[in-house]
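*Asks:* Got a predicted model here, sequence first, then my questions.
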Amino acid sequence: MKRFEVITIFPNIIHAYLSEGVLSRALKRGVIEVEVFNLRDYTTDRHRQVDDYPYGGGPGMVMKPEPFFRAMDYLSKDGIKRHVVLLSPSGRLFTQAMARRYAESSTCLTLIAGRYEGVDERVKRLVDEEISIGDYVLTGGELPALVIIDATARLIPGVLGDRASAEDESFSDGLLEYPQYTRPAEYRGLRVPEVLLSGDHEAVKRWRRKEALRKTIKQRPELLREDILSEEDRQILREIKEEENGLYKGG
Ligand code: SAM
């Protein structure tokens, strides 16, 4: 069973998300485990204060180091192996490949969520890595912690109902996912591509690969690395280029 831990001043945000859907079922079945620690439980003052003014002045408040150190002292008493992550906009960018590595590891993943203007620099002594979920700034690390738990947990065998559903999707093979359709075959004049109705599995497979390549070049060209392309992919890419050229010429 994969264990996740979250240290936060807002445990309810984490509980609320985990109380619905696929992850809630995975928790009930015991495929994953998530324990949330309220940082305020590791303060020693009457007001359970977790923040203070920044040294050197400036706007906002900074999270004090002591509650984090005390929380980690408490957690490390059980002697289990942990990979400790601090959520931070200045961390390394989270990717599907990282989610896969976490999912494959049996080590407990401990996520520290900041608030206010962030955490005292010394808290970084407690962590193995700093991770960002994107180049934007959120009000707290709870959503990033949930993003990481969600992306990781769904790759753990037994979490998704159909194991195959995590295998074919965006980023799994370096490409974005091909377009998906369901019934009806025609809706408001919009038809599902004929090949998908043909029952020809080889043709469907090639069409999907082509559309995945087309979408990736159009939306995320930086993902298309030479080493993920087969000879067949290169042929498909030439076809796409010809088709697009034809389109621009009005063909
Ligand atoms: N002053 C900080 C800075 O400029 O980097 C921003 C602090 S942010 C308002 C408060 C907390 O939200 C951070 O400590 C971090 O835990 C979390 N956070 C905000 N944006 C994030 C992101 N893109 N990725 C991961 N964590 C983020």
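*Replies:* Nice, I can see it. Not measured: the values here are computed from a predicted model. Residues are numbered from 1 along each chain as shown.
*Asks:* for the stretch 51-200 of the chain, what are the low-confidence residue spans?
*Replies:* 162-164 (pLDDT under 70).
*Asks:* for the residue of the chain found nearest the ligand, what are its contacts?
*Replies:* Going by Cβ to the nearest ligand atom, the ligand is nearest to Gly114 of the chain, at 2.2 Å. Where you see a C-beta, it was placed from the backbone N, CA and C, and this is true even at glycine. Gly114 is in contact with 63, 86-88, 140-141, counting by Cβ atoms under 8 Å, 6 or more residues apart in numbering.
*Asks:* In three-state terms, how would it be classified?
*Replies:* Put simply, Gly114 is coil when judged by DSSP: H, G, I helix; E, B strand; the rest coil.
*Asks:* Let the chain start at 64 from now.
*Replies:* Right, with 64 as the first residue, what we last looked at is Gly177.
*Asks:* quick one: it from Pro130, how far?
*Replies:* Plainly put, Gly177 is 12 Å away from Pro130 if you go by Cβ to Cβ, to the nearest Å.
*Asks:* For Arg288, grab phi and psi.
*Replies:* Here is the backbone geometry of Arg288 (degrees, to the nearest 10): phi -100, psi 150.
*Asks:* same question but for Glu68, I mixed them up
*Replies:* Phi and psi for Glu68, reported as degrees, to the nearest 10, are phi -130, psi 140.
*Asks:* Tell me what it is bridged to.
*Replies:* Glu68 has these beta-bridge partners by DSSP bridges: Glu98, Thr173.
*Asks:* so it makes contact with Pro74?
*Replies:* No. Using Cβ atoms under 8 Å, Glu68 makes no contact with Pro74, being 11.4 Å away.
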